[in-house]
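# sequence? don't have it. structure:
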């Protein structure tokens, strides 16, 4: 009987702790996104528009999987593509292709990431869109 009681208490404690964990994560998520703090994330001066914790997880995944190609849809200002390409440089492998459908965003990305780039870490530059589509940003 005592064993069942202990298991019941342990189970109840687990469920309460799990609810508290979910509430804390939910509150932290709300604070980050409602404050617009995530819009201030930059990588070497280029706006990334990503949760910095997500960027940290991206690099962990990249270190573990060593991808040959990363395709990003939605370039906007190019900060996250620049971040991903920088991680590829640090790993010594991989390429980033960033696709943007809006012409205005492509020129914004060009201005955003051109300043902090060094020729040794970036193989290719953003260009204006062509009739066949948007050119990729590649490391």
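Nice, I can see it. If you're wondering where the values come from, they're calculated on a predicted model, not measured in any experiment.
# List the buried residues in stretch 83-99.
83-89, 94-99 (16 or more other CB atoms under 10 Å). The C-beta positions use only the backbone N, C-alpha and C, and glycine is treated the same way.
# can you map out the strands along the protein?
Listed in chain order, the strands of the chain (DSSP state E) span 42-43, 46-47, 69-73, 95-99.
# State the phi and psi torsions of the nearest residue to residue 68 once chain neighbours are set aside.
Nearest non-adjacent residue to residue 68, counting by CB to CB, 6 or more residues apart in numbering: residue 94, 6.0 Å away. For residue 94, the backbone dihedrals (degrees, to the nearest 10) come out as phi 100, psi 150.
# Let's see the pLDDT reported for residue 94.
pLDDT, residue 94: 93.
# give the contact list for it.
The contact partners of residue 94, taken as CB atoms under 8 Å, 6 or more residues apart in numbering, are 62, 66, 67, 68, 69, 70, 87, 88, 139.
# Distance check, it against residue 47.
Distance, residue 94 to residue 47, by CB to CB, to the nearest Å: 22 Å.
# okay, now the domains of this structure?
2-35, 39-114 (automatic domain parsing).
# Any chance of TSV for the strands of the chain, columns distance to residue 55?
Listed next are these as TSV, based on distance: least, CB to CB, whole Å:
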stretch	distance to residue 55
strand 42-43	8
strand 46-47	12
strand 69-73	12
strand 95-99	13
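# Under the pLDDT cut-off, which ranges of this structure? List them.
1-2, 4, 8, 11-12, 14-18, 20, 103-139 (pLDDT under 70).
# Okay, helices next: where are they in it?
Ranges of helices in the chain, per DSSP state H, are 2-34, 52-65, 79-91, 103-114.
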